[in-house]
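>>> No sequence on hand, only this structure:
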């Protein structure tokens, strides 16, 4: 529908742009035509200008602006509502075919009135359409839900990964502490063994020194006995 809508916009906007330009350039003809019908309304509303030509110029400026907006596709709903509102004075004041006596002119005016009425209804239908087609809106809603769901799943996965990493770090720190404690215990055991060996060596040295001292005493005693026996023989 987008290419068709883009193609149709210039055809709908062209009459409004051209009529707006004509009303701004020369508002006299249209002012004379709609003046008798618009004057009572302008008298009741204080902020409206009382000059029919000024009213026609205002209508022309609005018609030109809304036609340009419709041509560019900006503010579609507001633009179509303004265009439909601009047709109301034309429907009420122009193409009053029932006042014509000439059959040909009467048929011509009635044809123009029906065309304006059909355009008014079409603009109301366009203004009442949803901003997006139901199928497109459903697809967008599903895509948005999928995106939200994917974001939630990714967030849950990130949380799980962070928790797993934290647990792994705790386990690694616990294993490092256990390894350090085991190393300290082994070092303590090794130090105890060294101390025991040193004590055993010291005790052995002390025993050897004692035995050597006893042997020295025995040798000295034997020597004294030998010298005493030798002196008695003489």
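Arrived safely, thanks for sending. Just so it is clear, the model here is predicted, and its values are computed rather than measured. Numbers count the residues shown, from 1 in each chain.
>>> check contacts around the closest residue to residue 27 other than its chain neighbours.
In space, and not counting its chain neighbours, residue 27 is closest to residue 56: 3.8 Å by Cβ to Cβ, 6 or more residues apart in numbering. (Each C-beta comes from the backbone N, C-alpha and C, glycine too.) Residue 56 sits next to 23, 27, 30, 31, 34 when contact means Cβ atoms under 8 Å, 6 or more residues apart in numbering.
>>> mind redoing it with 6 Å?
Counting by Cβ atoms under 6 Å, 6 or more residues apart in numbering, residue 56 touches 23, 27, 30, 31.
>>> Next up, phi/psi of residue 95, please.
Main-chain dihedrals, residue 95, degrees, to the nearest 10: phi 60, psi 50.
>>> Let me know the pLDDT of it.
According to the prediction, residue 95 has pLDDT 73.
>>> same deal with residue 85?
Confidence score, pLDDT, at residue 85: 81.
>>> Which of the helices or strands spans it?
Element membership for residue 85, per DSSP states H and E: helix 76-93.
>>> Residue 65 now?
Going by DSSP H and E, residue 65 is in helix 52-72.
>>> That helix vs helix 76-93, what angle?
Per axes from the mean of the first three to the mean of the last three Cα atoms, to 10 degrees, the angle that helix 52-72 makes with helix 76-93 is 140 degrees.
>>> ok, and what's touching stretch 74-87?
63, 66, 69, 70, 116, 120, 123, 124, 126, 127.
>>> if I look at the second one, how far off is residue 169?
It refers to residue 66. To residue 169, residue 66 is 67 Å away according to Cβ to Cβ, to the nearest Å.
>>> again, but for residue 55
For residue 55, the distance to residue 169 equals 80 Å [Cβ to Cβ].
>>> likewise residue 154?
Counting by Cβ to Cβ - residue 154 and residue 169 are separated by 22 Å.
>>> Also residue 158?
In terms of Cβ to Cβ, residue 158 sits 16 Å off from residue 169.
>>> How about residue 80?
Counting by Cβ to Cβ, the gap from residue 80 to residue 169 is 63 Å.
>>> if you count what's nearby, which of those two comes out ahead?
residue 80 (22 against 10; other Cβ atoms under 10 Å).
>>> Return the per-residue confidence for the more buried one.
Residue 80 is assigned 82 on the pLDDT scale.
>>> Tell me, how many residues neighbour the nearest residue to it once chain neighbours are set aside?
Spatially, and ignoring its direct neighbours in sequence, residue 80 is nearest to residue 127 (4.1 Å; Cβ to Cβ, 6+ apart). When neighbours are defined as other Cβ under 10 Å, residue 127 has 16 of them.
>>> try residue 175
10.
>>> Does it fall in a helix, a strand, or a coil region?
helix (DSSP: H, G, I helix; E, B strand; the rest coil).
>>> where along this structure do the helices fall?
Here the chain has its helices, by DSSP state H, at 2-25, 28-44, 52-72, 76-93, 103-128, 134-233.
>>> Thanks a lot, see you next time.
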